[in-house]
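> Quick one, what's the 3D model for this:
(one chain, ligands or ions: 3)
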Amino acid sequence: MTLDNIIEEIKNAKTIVILTHETPDGDAIGSCLAMKLALKQIGKNADVIIKEVPRIFDFLPQREYIKTSSDIQEYDLAISLDCADFKRMVGNEYFEKAKQTIVIDHHSSNKMYGNINFVNPVSPACCQILIGMFQYFNINIDKELGTCILTGIITDTGGFRYSGVNSDTFEFAAELLEKGVNVSNVYKRVLDTRTKANFELMRKIIDRMEFLEDGKVTFTYITGKDLEEVNAEIGDHEGLVEFSRDIEGVEVSVFIRQRDNEEDVYKVSMRSNDYVNVSDVCLMFGGGGHERAAGAIIQGNIEQVKQKIMKELKKVLK
Ligand code: AMP
Ligand code: MN
Ligand code: MN
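Ligands and ions are numbered 1, 2, ... in the order given. Have a look, this model is predicted:
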């Protein structure tokens, strides 16, 4: 049984590192900090290594213990959370050298790159997998741990709105509320707080929005120059792709963002509404994600990237 193997490996390890994907979101950071707190209860000290944490997550318990690197080169155990692909992992050099590796994730495109892989693509958030796991391990989900967990659930479900939400999600949320987690405060901080730079970027993407394929696709972009102009910080582009998905008639929203200091490289984000599996589309470009939210990295200038994406989308639009 994998859960028993996981706890056994944790108990056997003296040094543990917790890692996640680049441009980490609330589920990535919430999962890492929740795991750190859970391990602490079992008497294990673990390092969380995340290079760039968006400012909006500064309120999370244990935030101050997140490291950007470590002196330990060979950990006994590396745990990867919310990360579908070894390539996307920040600090994957620690994962590579670790004696034992565990992957816990909810991406359908997960590459199963650990010694132990615990992947549930039906779970709406990695944090929701963790809550079930911690209950099995008899870990007390207190207010601090619960706050980290709820952050992941709220961010990855768009505030309990997306189709992946199930009855467990609400039951867990109710339990967390009983433990004293301030649900409305977490909600306000992670979903209803917009930085000034994010707002300025929003103006730009709206201005540039193109409707393609009879209005079934929206396309917009942000360049490195735009990010400089608005003094964007880490994470200030988050959520921009969501905006145009809500327009009537739109099936897929496409947002591309120039990667820092790389002339012709774009990070692509896609969101869909009813039937397009954007994870499959992104897999064509070496990326992945979920059916309704996915990403990839594509080479080329804005026009070339747009053409590449549209060629694939045309095949799957009804
Ligand atoms: P994003 O558009 O960056 O918010 O990502 C949407 C979803 O797709 C998230 O669950 C990401 O973890 C996943 N994702 C984004 N980029 C990639 C990629 N290059 N490879 C695999 N999964 C990705
Ligand atoms: Mn994530
Ligand atoms: Mn996630």
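
> so T155 is in which element?
When elements are assigned from DSSP states H and E, T155 belongs to helix 143-156.

> tell me the average confidence for that helix?
Averaging the model's pLDDT scores along helix 143-156 yields 98.

> ok, and for the very next helix or strand once past that helix, which residues are buried?
Where DSSP H and E defines the elements, the next helix or strand beyond helix 143-156 is helix 167-178. By neighbour count, and taking 16 or more other C-beta atoms under 10 Å as the criterion, the buried residues in helix 167-178 are T169, F172, A173, L176. The way it works is simple: take the backbone N, C-alpha and C, and place the C-beta from them, glycine included.

> do stretch 144-162 as well
Within stretch 144-162, the residues that qualify as buried are 144-158, counting by 16+ other C-beta under 10 Å.

> ditto for stretch 74-90
In stretch 74-90, the ones that count as buried by 16+ other C-beta under 10 Å are 75-85, 88-90.

> Over to stretch 111-121?
Neighbour-count burial for stretch 111-121 flags K111, Y113, G114, I116, N117, F118, V119, N120 (criterion: 16+ other C-beta under 10 Å).

> residue contacts, the last one?
To tie it back to what came earlier, the one meant is N120. When the contact criterion is C-beta atoms under 8 Å, 6 or more residues apart in numbering, the partners of N120 are H106, I129.

> how close does it get to K44?
Separation of N120 from K44 (C-beta to C-beta, to the nearest Å) stands at 23 Å.

> What of the fourth one?
The spacing between I116 and K44, counted by C-beta to C-beta, is 16 Å.

> in the stretch 1-150 of the chain, which spans are strands?
Counting by DSSP state E, counting those that start in this stretch, the stretch 1-150 of the chain has these strands, from start to end: 16-19, 46-48, 77-81, 100-105, 116-119.

> Helix, strand or coil: sort out the most far-flung residue of the chain relative to its centre for me.
Residue distances from the centre of the chain (C-alpha atoms, centre = their mean) peak at D214, which lies 30.9 Å from the mean C-alpha position. Taken by DSSP: H, G, I helix; E, B strand; the rest coil, the conformation at D214 corresponds to coil.

> How about the contacts made by G288?
Taking C-beta under 8 Å, 6+ apart, we find G288 in contact with A84, D85, H107, S108, S109, S279, C282, A294, G295, A296.
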